[in-house]
Every structure is written in C-alpha cells, then in structure tokens.
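J.: no sequence for this one, just the structure:
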C-alpha cells in the first residue's frame with residue numbers, strides 16, 4: 001500500500017509566501033482555480049489547503065498528519081501536537097507576527113487591568129480569555145468575524161488582533177497596550193502520525209529543506225578572483241558563515257575566493273573588494289543553506 005503524508009497548508013494571506021518557501025525548498029505546488037487539493041511534485045505528499053485557523057484542530061484530530069499554522073492558532077485550538085520546526089516567515093516579511101491588545105488612541109484605558117468589565121472583540125477568544133484570566137481581569141470577550149479594527153470604540157472597548165507591521169492598527173487610530181504573544185509559523189504533526197517512521201522521517205526531511213530555504217533567503221554567495229599578494233587584506237574584510245573557500249587558479253598567481261554572507265552586506269562590501277584588487281566579482285542567489 002502506497003504511503004502518503006497528508007499535509008495542511010494555509011489558504012489565504014499566507015498561501016503565496018508558503019508556496020514560494022516550498023519552491024525554494026525544492027517542491028513545486030500548483031493549484032487550479034478554487035481547488036483545495038493542489039498538486040505537489042512529490043508523490044508521497046498530499047496537500048490540502050484550508051484556513052490557518054483550522055489546521056491545528058485537524059492535525060490534533062488526525063484528519064491531517066501535519067500542517068503549517070501559527071503558534072497563535074495552535075494555542076487558540078488548544079491542539080496537542082508535536083512541533084517539528086519553527087519557520088520564521090509570514091505573509092509580508094520574515095519577521096514574527098504579534099498578537100496585541102489595542103484600544104482607541106484617545107481611550108483612557110492604559111493597561112490590561114483597566115479592561116475589567118469591558119468588551120473585547122477578537123478571533124482568538126480562548127487565547128484572549130486565558131491571557132485575561134492569568135491577570136485576574138474579567139471582561140466580555142466576543143468572537144469577531146472580521147474587520148476587527150473598525151469596532152473600536154463604538155462597538156467594543158478593545159480588540160485583540162494579529163499584526164505584522166502595525167500599519168493597519170495605526171491607520172485605524174489604535175494604540176497597542178500590550179503584546180499577548182509573539183508567533184511564528186510552525187510545522188506541527190499529529191502525535192500518532194509522528195510515531196509512524198515513514199511520516200516522521202518525511203516530516204524531518206521536509207523540515208531540513210524548509211529551514212534551509214529560510215536561511216538562504218537572507219543570504220547570497222560571492223565569487224571573486226584576487227592576486228595572491230592581496231589575500232590577507234581581503235580576508236580581513238570578508239565575512240563568512242565559517243571561512244571563505246580559497247582556490248589557486250591553474251597556471252596563475254591569482255586566487256579564486258567564494259563566500260556566503262548576509263545579502264544586506266553585499267552591497268557595501270563589493271565596492272570595497274573591488275578597491276582591494278578583486279576582479280570578476282559575481283553575486284548569486286541561494287535556494288537552500290543547510291547548516
């Protein structure tokens with residue numbers, strides 16, 4: 001009998017960045033129209049698209065073997081799952097998202113204790129209720145079906161919402177009074193599926209490739225040629241993950257140097273290398289870096 005890993009991937013705002021991450025990891029995913037069952041070029045994986053909010057529940061119940069969803073939604077579903085990998089990416093950036101408690105800019109609510117007896121709207125009802133209970137605050141926490149930011153202050157006194165950059169909160173003239181949780185996307189597995197050697201092995205391999213793709217996303221490779229006598233000077237200014245690779249060019253007193261570095265450093269470093277005598281400098285992107 002053919003074995004398959006049934007994997008839940010987030011549909012919606014996180015879908016495109018997830019597909020791009022899988023592509024850099026070596027997996028091509030294609031979806032036709034509104035299908036919830038995209039094709040992946042690995043016959044041992046079956047992908048199901050669904051809302052990130054629901055994935056941990058289906059993983060917990062064994063409907064899915066594993067899935068990708070935020071820590072916030074794992075906690076909200078109170079899912080008893082195995083964390084396979086912490087994948088620090090989101091829909092816009094590689095930064096974690098924050099679950100925040102926010103009020104209107106001109107509100108007299110300054111701290112969480114000021115919410116005693118007040119009304120709070122959120123999609124994360126359990127997470128919010130647990131947060132308030134831990135601080136001894138009794139408030140009316142209601143589920144929000146969307147457009148949560150616009151409900152303050154006319155409909156509710158405060159909201160608990162997810163933010164990546166804070167721009168939407170600022171646009172709606174809201175003020176953050178506390179961060180409840182810093183959350184990243186987690187590859188998580190059903191406990192019974194994790195106990196299956198085939199599925200756990202498949203998930204561990206997947207985690208290595210996805211993490212490698214995330215590391216590579218912020219790095220580039222540099223190749224350059226250099227006269228022998230300038231080596232010490234260049235090594236003193238050249239960063240590397242470990243040490244640069246230095247090779248002797250055949251029948252020449254020149255060296256070939258290769259290094260991996262943070263992409264943001266390459267722009268400033270290349271002119272410095274050129275002035276130090278480097279020639280034929282090539283910058284190239286990376287798909288995966290496996291530490």
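T.: Nice, I can see it. Predicted model, so just to flag it, every value in this text is computed and none were measured.
J.: Let me know the secondary structure of residue 126.
T.: When the structure is split into helix, strand and coil by DSSP: H, G, I helix; E, B strand; the rest coil, residue 126 lands in helix.
J.: and it, how many neighbours?
T.: 13 (other C-beta atoms under 10 Å). C-betas here are computed from N, CA, C, even on glycine.
J.: hang on, it packs against residue 74?
T.: No: the pair residue 126 and residue 74 does not pass the contact test of C-beta atoms under 8 Å, sitting 11.2 Å apart.
J.: Let me know the helix or strand that the most centrally placed residue in the chain is in.
T.: Nearest to the mean C-alpha position of the chain, by C-alpha atoms, centre = their mean, lies residue 89 at 1.7 Å. When elements are defined using DSSP states H and E, residue 89 is found to belong to no helix and no strand.
J.: just residue 19 next, same as before
T.: Taking DSSP H and E as the definition, one finds residue 19 inside helix 15-25.
J.: Now do the same contact list for residue 37.
T.: Applying C-beta atoms under 8 Å, 6 or more residues apart in numbering, we find residue 37 in contact with 46, 47, 48, 49.
J.: Could you single out the nearest of those to residue 32?
T.: Nearest to residue 32 among the contacts of residue 37, counting by C-beta to C-beta, is residue 49 at 11.5 Å.
J.: how about the helices in the stretch 151-291 of the chain?
T.: Under the criterion DSSP state H, counting those that start in this stretch, the stretch 151-291 of the chain carries helices at the ranges 167-171, 191-195, 197-217, 231-235, 263-275.
J.: Report how many residues lie close to residue 100.
T.: By other C-beta under 10 Å, the burial measure for residue 100, its neighbour count, is 21.
J.: Assumed it was part of a strand.
T.: Yes: with the criterion set as three-state DSSP, the secondary structure at residue 100 is a strand.
J.: Let me know whether it touches residue 165 as I believe.
T.: No: using C-beta under 8 Å, residue 100 is not in contact with residue 165, being 11.8 Å away.
J.: Surely residue 279 is in contact with residue 224?
T.: Yes: Residue 279 lies in contact with residue 224 (C-beta under 8 Å); the separation is 7.0 Å.
J.: Could you check which of those two is surrounded by more residues?
T.: The neighbour comparison of residue 279 against residue 224 (other C-beta under 10 Å) goes to residue 224, with 23 against 11.
J.: and that one, what does it touch?
T.: Under the criterion of C-beta under 8 Å, 6+ apart, the contact list for residue 224 reads 256, 257, 273, 278, 279, 280, 281, 282.
J.: Nearest to residue 12 among these?
T.: Using C-beta to C-beta, residue 282 comes nearest to residue 12 of the contacts of residue 224, at 38.6 Å.
J.: is it true that the closest one touches residue 256?
T.: No: with contact defined as C-beta under 8 Å, residue 282 and residue 256 do not form a contacting pair (10.5 Å).
J.: Which of the two has more residues huddled nearby?
T.: More neighbours sit around residue 256 than around the other of residue 282 and residue 256, counting by other C-beta under 10 Å; the figures are 15 against 10.
J.: what's around the nearest residue to that one once chain neighbours are set aside, how many residues?
T.: On the basis of C-beta to C-beta, 6 or more residues apart in numbering, the spatially nearest residue to residue 256 that is not a chain neighbour turns out to be residue 247, at 4.6 Å. Residue 247 has 9 neighbouring residues, counting by other C-beta under 10 Å.
J.: Please tell me how far residue 247 sits from residue 290.
T.: As defined by C-beta to C-beta, to the nearest Å, residue 247 lies at a distance of 22 Å from residue 290.
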